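Visitor: Below is the sequence, then the predicted model.
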Amino acid sequence: MLCWLREDEMSAQELLQRVQCVVTHVDEIMQQEIRPLLAVDIIEQLHRQFALLSGGRGKDGAPIITFPECSGFNEVPEEDFLNVVTYLTSIPSLDAASIGFIIIIDRRKDKWSSVKASLSRIAAAFPGNLQLVLVLRPSRFFQRTIADIGIKLHKDDFKMKIVMLNSLSDLHGYVDKSQLTQEFGGSLEYSHSQWIHHQTAIENFALTVKTTAQMLQRFGSELAETELPNDVQSTKDLLAAHTGKYNNLKEEMKLALRQGSTLFTCIKDQTAKSENHKLKPDEMENQTTVERLLAQLDETENAFEQFWCKHHLKLEQCLQLRHFEQDFREVKVTLDTRMDSLKGFSDAGDCVARVEHLLMELQTLEEKVQPTLEKAQLHAMHGDQLIQSDHYAVDSIRPKCVELRRVCDDFSNEAKKKSDALSKSLHVHMGIEKVNQWCESGIYLLASQAVDKCQSQEGAESALTDIENFLESAEKNHVTELRNLHNHYEVILSDDVKGSVLKALKRLEDVQEMFEKRRVSLKRLSAKQTRPIQPVAPRPESSPKRPAPKNAARTPGGHQPLARKLSDNSSSGKQPAEADLNKKKNIRKTKGLKIEVMHEESQGGSTHVAVSNESEECLSNRRRHIMTELIESERIYVEELQSIMEGYVAELNNSELCHLIPPTLENKQDVLFGNLPEIYDFHNKTFLMELENCAENPELIGTCFLKRKEELQVYEKYCQNKPRSEVVWRQCGDSLFFQECQKKLDHKLSLDAYLLKPVQRITKYQLMLKEMLKCSKREGMAELEEALATMLDIVKSVNDSMHQIAITGFEGNLSELGKLLMQGSFNVWTDHKKGHNKVKDLARFKPMQRHLFLYDKMLLFCKKREESTEGHEKTPSYSFKHSLKMSSVGITENVKGDNKKFEVWYNGREEVYIIQAPSMDVKNMWVSEIRKVLTGQLEACREASQNNNYGVPMRNVRKMGLRRSDSSNPESVFRRANPSPNMRQRKGQFLPGLDFSISYSFFFDIKMG
């Protein structure tokens, strides 16, 4: 784009024209047309003083040129003579020169020959208009006579008016004394050196003014041809370059003004030497010349300043425009990207948790975009300010301001639209969840009402009250609002959500219909009792270990059984809700069939038994579906691991990114990634292919997991390293290296989210195996159950190992204690034989909070501590307090007063620890595991004793313990179970280090418990 200015601004062409006028005026002032020479060019010839321009004038104002007595006049070269005479005749003004010059030739001390030579030179070479030649003839008589004769003879040859003067008085008759120098008897002051100095200074100043004007002319031409750049940096460079040149020219003009002012002051001071001094014509001309040159220089400066102000404003506006355009592009690209992300954002989830997650993601996206939106609005306001400041590119700025505001409004409207849709979807899904929960509770209520209790009037009335109260709870909990939500939001709901709503409403109608039938039946029973109805099913009991098939066949008589209604609604609920429902339903497992009792008003209030049995085809389809999901998720998992290996681990060796690697990551790469390469190799090269081989035969999946249970143990090492990996990530996760890698991979989440994938994956296998087990029959079930147990054991082992690595203060080696079997938190009381009574009494009533770790060889007591770092979640650590060797431990399963307590004692009850579990299930698991350890030790002792040729065989000892444990005298049993020290010593001779009292005590406590 060429440099252009508004119509009311001065163009570069105007500047060039004004500067050219200055140059022309300078030439006119200095009379360059008639003055081809400067004083500096003939400075040596001028210093010879063979011709002078003293400044005197004739009576009519004619300039006077004096040729003083000069012995070497005839020796002056013709060229030098011509140059000096030409220069002298060009100095007076044109008006004065037009009158004609008066020449005074002083040859009073010379000869006629010299006079003749001088006249001949002047007549032949004088360039100006010659008015009169005054010759002071030789003063000696002989030479004067010859001169008189010679002038008469040659007067016509010279062709100019010549007057021969005999004395100075004769000269005064032609020229006033005031116009003659002292050597001619006049009063005119003249200094030849000063005259040369003034002439040289004036000519130098004129040259400076002209040169400065020409520099401005060239600069203006350069600016006129300059194109405005299209980027910020180039515009900055151009502005800096032009400003630099302007400053240089400004300095040149200041120097020129200073030079002219100094020269003018010198000339003016020269004329003010005395009060009576009058300016000579040449002094007046010099002063006028300098004033005119200063005026031209001032004109040049004014023209240039006017042009520069507008040109500089133009460059600054160009820079503002380029900044505005750059900011516009950056904000526009960012908002377009965010807009694409927003448009690809789902506005409907499949459950409450999913919709809440989407709302959180939408809120996060809006928070991230908010600074960009504010920045866009600021840029639009800045554009408005540029327009109001009369910017030259208004037509380019205004559309961009409009576009910025449009993009901001589009994003805000789209975000609001998505938020409204998700909020409405959340209301709908909450309604679905509320309906499902109400239906599940209702089904459980129906199934839990015992038939035998309803046979009496009182029992029927009580059941009827429960039914009516539950039906009233539907109104209180706004269960029926789902239909209104569906009608109100039907336009924006997706087909899947509509299907879920309709399914939930159908389920609600079915359950309400069941309740209505039950209520009518109970009303009849409560109103009149005819005959007792024989119950056909026991009370509701706990669900079996493996849930029965979901879909049941229809019962004869056209009634839809409860099992079918449960299975139809199971898909709309969550898996935990389904598991919870299976625990609540009244189910009895008999020969592979699921038998449920339901009470209906049918055939006089009699009961029907609904038998459900899903077809093999449905089960096969479900197995294939689960298998497909397992394989597809495994492929995605392998791809994610591959992206970590190639996008992060491999990039650590990339020379182009090595400078971005944070110093805190040095020598800690193995800590950050752990044994992830090992996990990736296993899944990529082995496990994924074996799972794919099971695609057509899902019944082989259990065998696949069992085959690779050893390799799956690699997750234990990875999970143990995970806390250390998180510490390293917190130190260097914000580095440019990881940001660049994430950008290359186009990952929305950072590396730490992907490092969590293995932990999530190992816990998901057991969930899929459970689902597979639910829809399996006969073939492969044993392997599936064993595989599920194996995966649960691996997950438990991983979880236990995560706690184990947090143990502090234990001086031994944990790896020497055998396998970690159990871990958990308990309340612990101590009751030792040794110690102060007050301490014992206090210990009985005040429990200690201890975290126990059960190993094959030792039981550790630790204190749990919560440690937190700024900005991160609390991490537990376990401070070691005490340990018991399992070779010296006994156990009492039950303790009076609390069925959740059990005792662990040590060395014949010298140390007794009363342990309270958080629940009966936890207690039973720990007691069972400790029993296994002690039994294993007993078996080991027995086998060792059988291989020993000395002493009593261990099997006899075990039989003795068993018999004694059945004795009716507990005291004798306790005595025999704790033999004397001598007996223990004798037995210890065969098996050193073992306390045989443990075996007896073990069986005794079990019996007594």
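Guide: Looks like it came in fine. Because the structure is predicted, anything quoted here is derived from the model rather than measured. Numbering: from 1, shown residues only.

Visitor: starting at the chain centroid, how far to the helix or strand where Arg354 lies?
Guide: Counting by DSSP states H and E, the element that carries Arg354 is helix 352-388. Offset of helix 352-388 from its chain centre (CA atoms, centre = their mean, to the nearest Å): 15 Å.

Visitor: Make 847 the starting number, not 1.
Guide: Okay, using 847 as the starting number, the last item reads as helix 1198-1234.

Visitor: tell me what the next helix or strand after it is packed against?
Guide: Under the assignment DSSP H and E, the closest C-terminal helix or strand after helix 1198-1234 is helix 1240-1294. Helices and strands touching helix 1240-1294, as assessed by 3 or more CB pairs under 8 Å, 6 or more residues apart in numbering; DSSP states H and E, comprise helix 1127-1189, helix 1198-1234, helix 1303-1322, helix 1327-1335, helix 1341-1373, helix 1408-1416, helix 1421-1430, strand 1439-1445. Heads up, the C-betas are built off the backbone N, CA and C, glycines and all.

Visitor: follow-up on the earlier one: same for the helix holding Arg1200, what does it pack against?
Guide: Counting by 3+ CB pairs under 8 Å, 6+ apart, helix 1198-1234 packs on helix 1127-1189, helix 1240-1294.

Visitor: any low-confidence regions in the stretch 1647-1796 of the chain?
Guide: The model of the stretch 1647-1796 of the chain has pLDDT under 70 over residues 1679-1691, 1714-1720, 1794-1796.

Visitor: The stretch 847-996 of the chain too?
Guide: Ranges of the stretch 847-996 of the chain meeting pLDDT under 70: 847-866, 868-882, 917.

Visitor: Would you map the helices across it?
Guide: 858-875, 889-893, 924-936, 940-945, 958-971, 987-1004 (DSSP state H, counting those that start in this stretch).

Visitor: Buried residues, the fourth one. List them.
Guide: Put plainly, it is helix 940-945. For helix 940-945, a neighbour-count test (16 or more other CB atoms under 10 Å) marks 942-943, 945 as buried.

Visitor: Distance to Lys1007 added to those residues, as JSON lines?
Guide: JSON lines is the format used below for the buried residues of helix 940-945 (distance: CB to CB, whole Å):
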{"residue": "Ala942", "distance to Lys1007": "19"}
{"residue": "Ala943", "distance to Lys1007": "17"}
{"residue": "Ile945", "distance to Lys1007": "14"}
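
Visitor: Confirm that Glu1712 sits in a helix.
Guide: No. Using DSSP: H, G, I helix; E, B strand; the rest coil, the secondary structure at Glu1712 is strand, not a helix.

Visitor: How many neighbouring residues does it have?
Guide: 9 (other CB atoms under 10 Å).

Visitor: Over to Lys1747?
Guide: Neighbours around Lys1747, by other CB under 10 Å: 19.

Visitor: mind checking how far the nearest residue in space to it that is not next to it in sequence is from Val1779?
Guide: Spatially, and ignoring its direct neighbours in sequence, Lys1747 is nearest to Val1741 (3.9 Å; CB to CB, 6 or more residues apart in numbering). Distance of Val1741 to Val1779, given as CB to CB, to the nearest Å: 20 Å.

Visitor: and if you look at Leu1700?
Guide: 7 Å.

Visitor: want to throw the helices of the stretch 847-996 of the chain into TSV with distance to Leu1546?
Guide: Output for the helices of the stretch 847-996 of the chain, formatted as TSV (distance: least, CB to CB, whole Å):
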stretch	distance to Leu1546
helix 858-875	88
helix 889-893	116
helix 924-936	120
helix 940-945	122
helix 958-971	129
helix 987-1004	141
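
Visitor: hang on, the earlier thing: more neighbours: which of Val1741 and Val1779?
Guide: More neighbours surround Val1779 than the other of Val1741 and Val1779, with 21 against 16 (other CB under 10 Å).

Visitor: Using the record, which stretches count as separate domains in this structure?
Guide: When the chain is parsed with the TED database, its domains come out as 858-988+996-1096, 1463-1647, 1654-1680+1689-1788.

Visitor: how distant is the shortest one from the center of its chain?
Guide: Relative to its chain's centre, domain 1654-1680+1689-1788 lies at 49 Å (CA atoms, centre = their mean).

Visitor: Over to the longest one?
Guide: Averaging C-alpha coordinates over domain 858-988+996-1096 and over its chain gives two centres that are 78 Å apart (CA atoms, centre = their mean).

Visitor: do stretch 1775-1789 as well
Guide: 60 Å.

Visitor: hang on, the earlier thing: please name whichever of the domains of the chain is nearest to Glu1307.
Guide: Closest approach to Glu1307 among those (CB to CB): domain 1654-1680+1689-1788, 35.2 Å.

Visitor: returning to that earlier point: a markdown table please, covering the helices and strands packed on helix 1198-1234 and showing distance to Leu1053 and mean neighbour count.
Guide: Output for these, formatted as a markdown table (distance: least, CB to CB, whole Å; neighbours: other CB atoms under 10 Å):
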| stretch | distance to Leu1053 | mean neighbour count |
| --- | --- | --- |
| helix 1127-1189 | 10 | 18 |
| helix 1240-1294 | 46 | 18 |
